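J.: requesting a structural model of the entry that follows:
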Amino acid sequence: MMDSACLDARRLAPASADVPVASAGGRYDIRIGAGLYRALGDLLRQAFGDAPRAVLVVTNPRVASHYAAAVTAGVAAAGFRSHLCLIPDGERYKTLRTAARIWDACVAQRLERRDLLLALGGGVVGDVTGFAAATYLRGLPYVQLPTTLLAMIDSSVGGKTGVNHRLGKNLIGAFHQPALVVADLETLATLPRREWNAGWQEAVKYGVIRDAELFARLEERLPLSPRRDPPWDWLAEAIADCCRIKAAIVARDERETGERKVLNFGHTVGHALEAVTAYRRFRHGEAVGIGMVAACRIAVRLGKLSAAAAARVERLVQRIGRLPDTAGIALPDLLTAMKQDKKVARGQLRFILPSRIGFADEQAVDSESVIAEAIASALEAFSKRRVRSGGGPPDSPG
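T.: Modelled structure (predicted):
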């Protein structure tokens, strides 16, 4: 973990931004800055006034050890009844059983519809807490306080909430927009390097699908080490740019009936990788990174994307940091899992494919051989078995 002593709050102070989100499900702000979690009670009063009486803070033991005391104390100091609900840490616990633990806490604390749930943690905490908020009393307001880079730029924004089914990821859920997102850069001080790298894979996604300039900036800066005092102003702006892209898309298509589907770039293969490895081998961003490479290889084979552009994407994915070994993952199992994905339409696999760096759209792919060959080559590119057998660097796509 990064030593929190390397974070100088005075240097972090200018690293801030606000991003408004306007959707059919509601308007809210994404507050990006440093030290915000310490002032959370005041931020909640400013946003919600005297309406809520209680705040249920949902987090996992690891995050709680760093931030729960300060957050709950700050919430209580602002005059709210503050309660803590701990849930297990890890994607494999993103289940109805974990959601039930939050519902039980809501009942025990007699939460009312004007009260708040607060998700303190990464994507799993945010998704399950949001789902619990969407369903308890048919809808409570909730606040996201993401503590991972991936959650800051992606999962905390846009109102997708849910849990996994044993046959696929995020198959059970609801659209329920947060009432506020507070992205505190200081929480990245306790982020393990692997989680840090996984977050940057999602940032690459935004560059590929909608922002070539962002992609070029990532090429220039990455990899960054969280242990060497990253350029915090640059980091705040990169987070804000990712949030702006997602906010604009969500404003136009909250329910993912059209344009919002582009945010699933890399996720068709990525979700399948997570599912076939029982959510134990890959962090979400890592699986998305490999999924993006596979999608680019499909696009090259279809003549939609140049091999040179695909190679740029793959180089950046590889350069961010070492990804888990794909050896032993059976292609038939992966293809079966992909067919359980929520993005399948009329039994047909649909992919988000880029035509250039900076633009991608949805496309049905009829050729099973193209899909299988592209995914097999992507799996081979990330297999340590291939390296041990004397293989060189991954071939360029196509």
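J.: which parts of the stretch 251-398 of the chain are strands?
T.: Using DSSP state E, counting those that start in this stretch, the strands found in the stretch 251-398 of the chain span residues 350-356, 359-364.
J.: how far off strand 359-364 does the first one point, in degrees?
T.: An angle of 140 degrees separates the directions of strand 350-356 and strand 359-364 when computed by axes from the mean of the first three to the mean of the last three CA atoms, to 10 degrees.
J.: out of the strands of the stretch 251-398 of the chain, indicate the one that is most buried.
T.: strand 350-356 (a mean of 20; mean count of other CB atoms under 10 Å). No exception for glycine: its C-beta is placed from N, CA and C like everyone else's.
J.: which helices and strands sit right next to that strand?
T.: Judged by 3 or more CB pairs under 8 Å, 6 or more residues apart in numbering; DSSP states H and E, strand 350-356 is in contact with helix 193-210, helix 267-276, helix 284-301, helix 307-320, strand 359-364.
J.: out of the strands of the stretch 251-398 of the chain, flag the one nearest Ala15.
T.: For the strands of the stretch 251-398 of the chain, proximity to Ala15 was assessed by CB to CB; strand 359-364 is nearest, at 29.4 Å.
J.: quick one: list the elements packing against that closest one.
T.: Strand 359-364 packs on helix 193-210, strand 350-356, going by 3+ CB pairs under 8 Å, 6+ apart.
J.: again, only this time at 6 Å
T.: Under the contact criterion of 3 or more CB pairs under 6 Å, 6 or more residues apart in numbering; DSSP states H and E, strand 359-364 touches strand 350-356.
J.: ok, back up a step: most tightly surrounded among the helices and strands packed on strand 350-356?
T.: Mean neighbours per residue, mean count of other CB under 10 Å, is largest over these for helix 284-301, with a mean of 28.
J.: outside of that one, which residues touch it?
T.: For helix 284-301, contacts defined as CB atoms under 6 Å, 6 or more residues apart in numbering pick out 150, 198-199, 201-202, 266, 269-270, 273-274, 305, 307, 310, 313-314, 317, 323-324, 351, 353-354, 370, 374-375, 377-378, 382, 397-398.
J.: and Gly33, how many neighbours?
T.: Neighbour count for Gly33, taken as other CB atoms under 10 Å: 20.
J.: for Leu140, what are phi and psi?
T.: Dihedral pair for Leu140: phi -110, psi 150, per degrees, to the nearest 10.
J.: list the contacts of it.
T.: Residues near Leu140 by CB under 6 Å, 6+ apart: Leu117, Ala133.
J.: I'd like to know how far it sits from Leu56.
T.: Shown here: Leu140 relative to Leu56, a distance of 9 Å by CB to CB, to the nearest Å.
J.: looking at this structure, which helix or strand is least sure?
T.: helix 9-12 (a mean of 46; mean pLDDT, DSSP states H and E).
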